[in-house]
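Chemist: Can you look at this prediction? I've put the sequence above it.
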Amino acid sequence: MKQIIILLTILLTLISCSINKKPEFTDVKNIKFLESNSKYVTITADAFFINPNNIGGQLKADKIKVLVNDTEVASISTKVFDVPAKKEFSIPLKVNIPTGSLFSNKSLGKLIGSLFSKKIKVQYVGDIKYRILGFSHTYNINQTENIKIKL
């Protein structure tokens, strides 16, 4: 009889901590030019989410393409991030773009135009995956922003 009561208590606890719905992806914001040197240019951004559930989960960005002036220059894969329960949260998307890829024949003309306007078009395209207790969901990311560059 004790075992049945313990089993029912555990079962009720698991049911009360159920997943109401998937976390909501709200936006990619704060796309910024962070730094540059002779080897790479660093650009950062934050992907924002809201988790309405009583339990967390995990998010992972895998092979998000970074395009500068419509030319793919790098991709981002992140570590696994823990999702907090009942909170708004963000995950950082930081990329180091090799300077050689910015000066390729394909993107050189667009880059020269960007130097005069002091702005570049940065686009993040890809997927962020959410996982919890065997359930998974993929968020499609496609965010573009013109950012100021520092010369």
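Modeler: It's in.
Chemist: need the helices for the protein, in chain order.
Modeler: Using DSSP state H, the helices of the chain run over residues 2-16, 99-102, 108-117.
Chemist: just flag whichever of these has the lowest average confidence.
Modeler: If you rank the helices of the chain by mean pLDDT, helix 108-117 sits at the bottom with a mean of 51.
Chemist: and the end-to-end length of stretch 29-42?
Modeler: Taking Cα to Cα, to the nearest Å, the first and last residues of stretch 29-42 lie 16 Å apart.
Chemist: what residues does it touch?
Modeler: With contacts defined as Cβ atoms under 8 Å, 6 or more residues apart in numbering, stretch 29-42 is touched by 43-46, 48, 94-99, 102, 120, 122, 124, 143, 145, 147-150. Just so you know, the C-beta spots here come from the backbone N, C-alpha and C atoms, and that holds for glycine as well.
Chemist: Which of those are buried? Put it as a PyMOL command.
Modeler: Buried residues among these (16 or more other Cβ atoms under 10 Å), as a PyMOL selection:
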select buried, resi 43+45+46+95+96+97+102+120+122+124+143+145
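Chemist: Which ones among the contacts of stretch 29-42 lie within strands?
Modeler: 43-46, 48, 94-98, 120, 122, 124, 143, 145, 147-148 (DSSP state E).
Chemist: in the chain, which helix or strand is least confident?
Modeler: Of all helical and strand segments in the chain, the minimum by mean pLDDT, DSSP states H and E falls on helix 108-117, at a mean of 51.
Chemist: separation between the residue nearest the centre of the chain and Ile6?
Modeler: Against the mean C-alpha coordinate of the chain, by Cα atoms, centre = their mean, the closest residue is Ala47 at 4.6 Å. According to Cβ to Cβ, to the nearest Å, Ala47 and Ile6 sit 41 Å apart.
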